[in-house]
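J.: Using only what follows, build the 3D model:
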Amino acid sequence: MTANRNLKRRVRARAAKTGESYTTALRHFRSTLTGDVMPESRSLRFAVAQTTVREDPTSSAELRESGAELRRMMREAHQAGARIVHFTEGATCFPSKFVMSSQGPDQVGPSDWSRFEWDVLRRELAATTDLGRELGIWTVLGSVHQLSGQDRPHNSMYVISDQGDVVARYDERTLSTTKITYMYTPGAAPVTFDVDGLRFGCALGMDSHFPELFMEYERLDVDVVLISTTGSVPFSTMVANEALAHAATNSYWASLAVPAQHSPVAPSGVVPPDGEWVAQCDQDGSASLAVVDLGHSTPDNVTNLARTWRRRTRTALLERAPALDATS
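T.: Predicted coordinates for the structure are as follows:
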C-alpha cells in the first residue's frame with residue numbers, strides 16, 4: 001500500500017509540474033519488483049521503407065508485384081531486428097486519377113471504383129498480415145480502404161500488429177482538391193497505437209501541410225509520428241522539409257516514407273526530435289530500408305523538458321493575450 005501511495009504521489013507531482021493528465025503522467029513510470037518507482041526505459045528498433053508505388057489497381061499483376069515487394073522488405077526489416085516497419089502512402093497501390101476516372105484516360109472525372117481488383121488486394125493484404133504474424137513484426141502501410149455501398153473509399157494507413165491483426169486504421173483527413181472531388185471519403189480523427197512502450201501517431205498524404213495535426217499528436221503524447229506520402233518530386237521535397245520541422249517543433253521522432261521513385265531527391269528517412277536526419281534510405285530509386293533505434297531513457301530528458309516548456313509557454317501566451325475590446 002505504501003508503494004502504491006508513493007507512486008500516486010509522484011505521478012500527481014509530475015502532472016502538476018508538466019500540466020499533463022494523471023494518465024499521461026503515469027505512462028512515464030513503472031513499478032519494479034522491489035516496489036520502487038523507476039523511470040521507464042523505452043527503446044525500439046524501427047525500419048522505414050521506400051518501395052515502388054504502382055498506380056493501376058485494375059491490374060492484378062501490379063497489385064501482386066506490390067504485395068511481393070512489401071513482404072520482401074518486411075523480411076529484410078525482420079532480419080535487421082526491427083520490431084516495426086513503416087511503408088509509404090499507396091504501398092499496395094496508389095490509384096492514378098486518370099486510370100480511375102470514369103471520363104479517362106485523358107480527363108479527370110469521378111472515379112469508377114468498380115474497376116478496382118478488390119479481391120486481389122484482399123488476398124495480398126491477407127498474405128501480408130500472415131507474414132507479419134509469422135515474423136512477429138508490426139507493419140504500417142498505405143492502402144485504399146473499400147467502404148460499403150456507393151461510398152467512395154478512404155485513403156488509409158493500416159496498422160498490422162505482430163500477431164497479424166489490423167489493430168488500427170488511419171484515414172487521410174486533408175484531401176487534395178482532386179482526391180475529395182473525384183476519389184475519396186475523408187477521415188475524421190487522429191490515430192495512435194503503442195508498441196513496446198512507445199506511442200505512435202499516423203499522418204498521410206496532404207496532412208504534412210497542416211501543423212495543427214502534428215501539434216495535436218504532441219498533445220496526445222506520441223513519441224513518433226509516421227508520415228506516409230506519395231506525390232510529385234517537388235511535393236516530396238516539401239514534405240521532407242516539413243517532416244524535419246514537425247519533429248523539431250513538437251519534440252518527437254518522425255518517420256517519412258516516400259516512393260522509391262522519389263528517393264533521388266527525397267528518400268525515406270527518420271528524424272529525431274532535434275530535427276536532423278539520423279538515417280535515410282538509398283537515393284538511387286531502389287526499394288530499400290533505413291533502420292534506427294528509437295526511444296529515450298528517462299522521463300526528464302531534453303525531449304520531454306522541451307515539450308513541457310512549450311506547453312507552459314503556450315499557456316502563458318494565452319493568459320497574457322489582451323481581451324478584445326468589443327467597443328473598439
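J.: I figured residue 91 hits residue 71, correct?
T.: No: shown here, residue 91 and residue 71 do not form a contact pair, counting by C-beta atoms under 8 Å, at 11.1 Å. Using the backbone N, CA and C atoms, a C-beta is placed for each residue, glycine as well.
J.: Give me the more crowded residue out of those two.
T.: residue 91 (31 against 18; other C-beta atoms under 10 Å).
J.: Could you verify that that one is part of a strand?
T.: No: according to DSSP: H, G, I helix; E, B strand; the rest coil, residue 91 belongs to no strand; its state is coil.
J.: and the host helix or strand of residue 143, which residues are buried?
T.: In the assignment (DSSP states H and E), residue 143 maps to strand 138-145. Neighbour-count burial for strand 138-145 flags 138-145 (criterion: 16 or more other C-beta atoms under 10 Å).
J.: Output the contacting helices and strands for it.
T.: strand 84-86, helix 118-135, strand 154-160, strand 198-204, strand 224-228 (3 or more C-beta pairs under 8 Å, 6 or more residues apart in numbering; DSSP states H and E).
J.: what's the pLDDT at the residue most central in space within the chain?
T.: Closest to where the C-alpha atoms of the chain average out (C-alpha atoms, centre = their mean) is residue 226, at 2.3 Å. Predicted confidence (pLDDT) for residue 226: 98.
J.: ok, it - contacts?
T.: 86, 140, 157, 200-203, 254-255, 257 (C-beta atoms under 8 Å, 6 or more residues apart in numbering).
J.: before we move on, the earlier item: please identify which of the buried residues of strand 138-145 is nearest to residue 64.
T.: residue 143 (14.2 Å; C-beta to C-beta).
J.: Hmm, the closest one is touching residue 125, no?
T.: Yes: with contacts counted by C-beta under 8 Å, residue 143 reaches residue 125, the gap being 6.9 Å.
J.: joint contacts of these two?
T.: Joint contacts of residue 143 and residue 125 (C-beta under 8 Å, 6+ apart) are 92, 158.
J.: Share the number of residues neighbouring residue 320, please.
T.: There are 7 residues near residue 320, going by other C-beta under 10 Å.
J.: Columns pLDDT and distance to residue 44 on top of the contacts of residue 226, output as a markdown table?
T.: Compiled in a markdown table, the contacts of residue 226 are given as follows (pLDDT from 0 to 100; distance: C-beta to C-beta, whole Å):
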| residue | pLDDT | distance to residue 44 |
| --- | --- | --- |
| 86 | 98 | 12 |
| 140 | 98 | 13 |
| 157 | 98 | 18 |
| 200 | 97 | 10 |
| 201 | 98 | 15 |
| 202 | 98 | 16 |
| 203 | 98 | 19 |
| 254 | 97 | 15 |
| 255 | 98 | 12 |
| 257 | 97 | 17 |
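J.: from those residues, which is closest to residue 240?
T.: residue 254 (10.3 Å).
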